[in-house]
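>>> Give me the fold of what follows.
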Amino acid sequence: QVQLVESGGGLVQPGGSLRLSCAASGFTLANYAIGWFRQTPGKEREGVACISSSDETRYYADSVLGRFTISRDNAKNTAYLQMSNLLPDDSAVYSCAAHPYLFGSTCQRSEYYDYWGQGTQVNISS
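Numbers count the residues shown, from 1 in each chain. From the prediction side, this is the model:
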C-alpha cells in the first residue's frame, strides 16, 4: 500500500524552526519528485518547495526562499522540509506529495502529483 505520512508539525513562536518529515511506504522515494504544499482555510493550496525527479533541482516559493530547505534521505525513504525564521503567515496545513516523473519546475504544480500525505498542522504564534 502506497502511503506518505507527514509529521513534525506543531506550535512555535515567530522566528522559531520546525522540521517536517514525510515518510514513504509501499514505494521507493528515491528519484521521485517530491513536493511540499500548504493550505489555509479559504485559500488555494500553495507550493512551498519541491525536488524534481530528474536532476534533484530544488525549487522554492519566493515567500520561503532562504528560510526553508527541502531534502530527502533515501536510506530512510523520507523527505524533509526544514523551516527556519518562521512567520505567522507560514501557519497552514503542510502536505507532502510524490510523483515518479516530474521534471524541472513542473514539480511545483500540485495537480500533477499522484501520492499525497494527510497533512500536518503548523501554527506560528506568540
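>>> C-alpha from now on. contacts and neighbour counts both.
Noted.
>>> ok, and what's touching stretch 29-46?
For stretch 29-46, contacts defined as C-alpha atoms under 8 Å, 6 or more residues apart in numbering pick out 47-54, 56, 74, 77-79, 81, 91-103, 107-108, 110.
>>> What of stretch 53-73?
31-34, 47-52, 78-86, 99-105, 108.
>>> Give me the subset of the residues you listed that lies in strands.
With strands defined by DSSP state E, the entries of those inside them are 33-34, 47-51, 78-83, 99.
>>> Would you mind putting the residues you listed into CSV with distance to Pro41 and neighbour count alongside?
Shown next, in CSV, are those (distance: C-alpha to C-alpha, whole Å; neighbours: other C-alpha atoms under 10 Å):
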residue, distance to Pro41, neighbour count
Ala33, 26, 27
Ile34, 23, 31
Gly47, 15, 21
Val48, 16, 26
Ala49, 20, 25
Cys50, 22, 30
Ile51, 26, 29
Thr78, 27, 20
Ala79, 25, 27
Tyr80, 24, 22
Leu81, 21, 23
Gln82, 23, 16
Met83, 21, 19
His99, 25, 20
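>>> pLDDT and distance to Phe68 for the residues you listed - can I get that in JSON lines?
Listed next are the ones in strands among the contacts of stretch 53-73 as JSON lines, based on pLDDT from 0 to 100; distance: C-alpha to C-alpha, whole Å:
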{"residue": "Ala33", "pLDDT": "95", "distance to Phe68": "17"}
{"residue": "Ile34", "pLDDT": "96", "distance to Phe68": "14"}
{"residue": "Gly47", "pLDDT": "96", "distance to Phe68": "12"}
{"residue": "Val48", "pLDDT": "97", "distance to Phe68": "8"}
{"residue": "Ala49", "pLDDT": "97", "distance to Phe68": "8"}
{"residue": "Cys50", "pLDDT": "97", "distance to Phe68": "11"}
{"residue": "Ile51", "pLDDT": "95", "distance to Phe68": "13"}
{"residue": "Thr78", "pLDDT": "97", "distance to Phe68": "17"}
{"residue": "Ala79", "pLDDT": "97", "distance to Phe68": "13"}
{"residue": "Tyr80", "pLDDT": "98", "distance to Phe68": "10"}
{"residue": "Leu81", "pLDDT": "98", "distance to Phe68": "7"}
{"residue": "Gln82", "pLDDT": "98", "distance to Phe68": "5"}
{"residue": "Met83", "pLDDT": "98", "distance to Phe68": "4"}
{"residue": "His99", "pLDDT": "95", "distance to Phe68": "21"}
